[in-house]
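Colleague: What would the 3D arrangement of this be:
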Amino acid sequence: MTARASRRRPVSVIALAGVAASLGLAACGGSGGADGDEEFVLHYTTYSNATSDQSRTVQRWAEEVEELTDGGVRVEFHYSESLVGADESVQATLDGRADLAQVGSLYAASDLSMYTVSELPFETENPEAHMRTLARMFEEDPVYREDFDRQGVRQLFPLPLASAVVGVNEPVSSLDDLAGRSIRAGGLTSEVMLAAGANPVAMTATDVYESMERGVIGGYTSLALANLPTFGLSDVTPYILDPGIGAYGSSIVVVNEELFDSMPAEYQDALLTASGHAVDNGLEELGVLADEACADLRESDAEFTSLPDEDVAEWRELAGADDDWVDRYSERGYDAAGVLERYRRIIAEETEASSYVDPLHDCMGEAS
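Modeller: Got it, this is the predicted structure:
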């Protein structure tokens, strides 16, 4: 028998009793595990669907945790915002609606401000270096971690996300070619597209296919190669551009800190051990879907191009996203300049240690 963890969030449990009953929500109670410890059933909320590379990464993490705890810790998945919306993930982890959550940088500005350094464009085109940097920032940078501690959540591991692609209906060979085009974009990438003279259009990724077909937009970004099969875009996009933006966002898995602290030490160790394997697992899952997208694009005779280096440098200067980010959060009392400096230092270290090739670059090499 399991029950919501009333000893950690009694008020929330009472308020959510009806929801918990209908959904079968539970965090801990009863007995389980090899030594008869409490059984923990952790409810995970995600805006990703069940077959995305991000969800597959968490599925593998959950399987490892269950194995390491002899069934003492299990995870129930709530996909595609079926439990809470993406913009509620942190708060839901605090108030008892969820125990674990996928938190996207796009939705984190108010709750985890320093984490949004992860969506600064033109910083890295190496997904492995990006993911390992975020893992290290939580462990090594007290300013980055302060938001998590204040909110009462613990970052467990980053989820895979590769470099931004721009898919368009008409070819692009220079920065000037983007001017005047309506391009689906989100987060800081919208500001970057605006700096290029494009018209950034906010829409969910699920609406991109139909909007491209109807001519509502002339292209899309804020997606990576591995995302294209999920949204039906990998075999209907005639032109794929590497814009040189690189990492454009991130998502992480967080757990309620109080719940984590309430677990037996061996269960905590299990969660952390499995989290230590998540980057490698995530890169594998990203690679599977990216290979599928690449095959679809090549089969449909999509054309691949990259912006010239001088255009990318000009674009970075025009956008000024890094300076704007520092100014924005410095005004709110953060040592944003220090966080960015340390973020860049760790990225440089992780890039030097990595031999990983971004799937977009790999696919373009195969197509040339």
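
Colleague: Give me the pLDDT value at residue 236.
Modeller: For residue 236, the model assigns a pLDDT of 88.

Colleague: repeat for residue 120
Modeller: 98.

Colleague: what do you get for residue 6?
Modeller: 29.

Colleague: again with residue 301
Modeller: pLDDT, the model's per-residue confidence, is 95 for residue 301.

Colleague: doesn't it fall inside a helix?
Modeller: No. Residue 301 sits outside any helix when classified using DSSP: H, G, I helix; E, B strand; the rest coil, being coil.

Colleague: tell me the contacts of the spatially most central residue of the chain?
Modeller: Nearest to the mean C-alpha position of the chain, counting by Cα atoms, centre = their mean, stands residue 251 at 2.1 Å. Residues in contact with residue 251 (Cβ atoms under 8 Å, 6 or more residues apart in numbering) are 54, 102-105, 158-159, 161. For glycine as for every other residue, the C-beta is placed from the backbone atoms N, C-alpha and C.

Colleague: Run a quick neighbour tally on residue 225.
Modeller: Residue 225 has 29 neighbours, counted by other Cβ atoms under 10 Å.

Colleague: in terms of contact, does residue 193 touch residue 187 like I think?
Modeller: No. With contact defined as Cβ atoms under 8 Å, residue 193 does not count as touching residue 187 (10.6 Å).

Colleague: sorry, back to before: can you report phi and psi for the residue nearest to the centre of the chain?
Modeller: Torsion angles at residue 251 (phi, psi; degrees, to the nearest 10) stand at phi -140, psi 150.

Colleague: and if you look at residue 75?
Modeller: Backbone dihedrals for residue 75, given as degrees, to the nearest 10, come out at phi -120, psi 130.

Colleague: Chain neighbours aside, what residue packs nearest to it?
Modeller: Across the structure, with Cβ to Cβ, 6 or more residues apart in numbering as the measure, the residue nearest residue 75 apart from its sequence neighbours is residue 62 (3.8 Å).

Colleague: how much space is there between that neighbour and residue 246?
Modeller: Remark: distance between residue 62 and residue 246 (Cβ to Cβ, to the nearest Å) = 30 Å.

Colleague: Also residue 40?
Modeller: 38 Å.

Colleague: cool, and residue 76?
Modeller: With distances defined as Cβ to Cβ, the gap from residue 76 to residue 246 amounts to 35 Å.

Colleague: who has more neighbours, those two?
Modeller: A direct count of neighbours by other Cβ under 10 Å for residue 76 and residue 246 places residue 246 higher, at 21 against 18.

Colleague: What does the pLDDT read for that one?
Modeller: Residue 246 is assigned 98 on the pLDDT scale.

Colleague: Low-confidence regions, the stretch 1-150 of the chain specifically.
Modeller: Residue ranges of the stretch 1-150 of the chain with pLDDT under 70: 1-37.

Colleague: which residue ranges form the strands in it?
Modeller: Assignment of strands within the stretch 1-150 of the chain using DSSP state E, counting those that start in this stretch yields the ranges 28-29, 39-45, 73-78, 100-104.
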